[in-house]
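Peer 1: structure for this input, please:
(one chain, ligands or ions: 1)
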Amino acid sequence: MDHKISVTVQIDMDGQDIRIITTGCLTRLSQSALLPLIRRARKLTAGARVTLDATPARHIEALGLDLLRDAIDYEVSLSQGPPVHFVVPTHLPSHLGPAGPHLSNGLTGLQVEPLKEGAS
Ligand SMILES: [Zn+2]
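Peer 2: Predicted coordinates for the structure are as follows:
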């Protein structure tokens, strides 16, 4: 199964509104690729409002979301950037759901840059 994440960053003209839109899979592995990007976006403009919009994502892992939130909360507590507003669907979509285009078994074949899962 292919758990690729895609990210689009939208910044308005005055740089005060930064929207990070994720499609694909937001999992505990892919969130680690997302974090540096969020970190950079939060430092673009002082006082910017940063929103992470995961509503178009095809697959969201609750653990991945938790890890991301924890990492950002921690940085906010250290005054390393503004808080991030999360927009996520009420029911987290899964690859295993009946509407998923990639019905598959197991959790192998993870593809996340720069992390690679189990080379053996
Ligand atoms: Zn997935």
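
Peer 1: list the helices and strands the helix or strand bottoming out on mean pLDDT in the chain packs on?
Peer 2: Between all helices and strands in the chain, the lowest mean by mean pLDDT, DSSP states H and E belongs to helix 31-42, at a mean of 91. Packing contacts for helix 31-42, counted by 3 or more CB pairs under 8 Å, 6 or more residues apart in numbering; DSSP states H and E, involve strand 5-11, strand 17-26, strand 49-53, helix 62-77. In short, each C-beta sits where N, CA and C put it, glycine included.

Peer 1: so, low pLDDT: which residues of the chain?
Peer 2: Counting by pLDDT under 70, the chain has low-confidence residues at 1, 96-120.

Peer 1: write out the residues of it neighbouring the ion.
Peer 2: By the rule CB under 5 Å from the ion, the part of the chain lying against the ion is 3, 25, 59, 95.

Peer 1: tell me the most packed of those residues, by neighbour count.
Peer 2: residue 25 (27 neighbours; other CB atoms under 10 Å).

Peer 1: and that one, what is it in contact with?
Peer 2: For residue 25, the contacting residues are 2, 3, 4, 5, 57, 58, 59, 60, 61, 95, by CB atoms under 8 Å, 6 or more residues apart in numbering.

Peer 1: which among those end up buried?
Peer 2: With neighbours counted by 16 or more other CB atoms under 10 Å, those contain buried members at 3, 4, 5, 57, 58, 59, 60, 61, 95.

Peer 1: cool, thanks, talk later.
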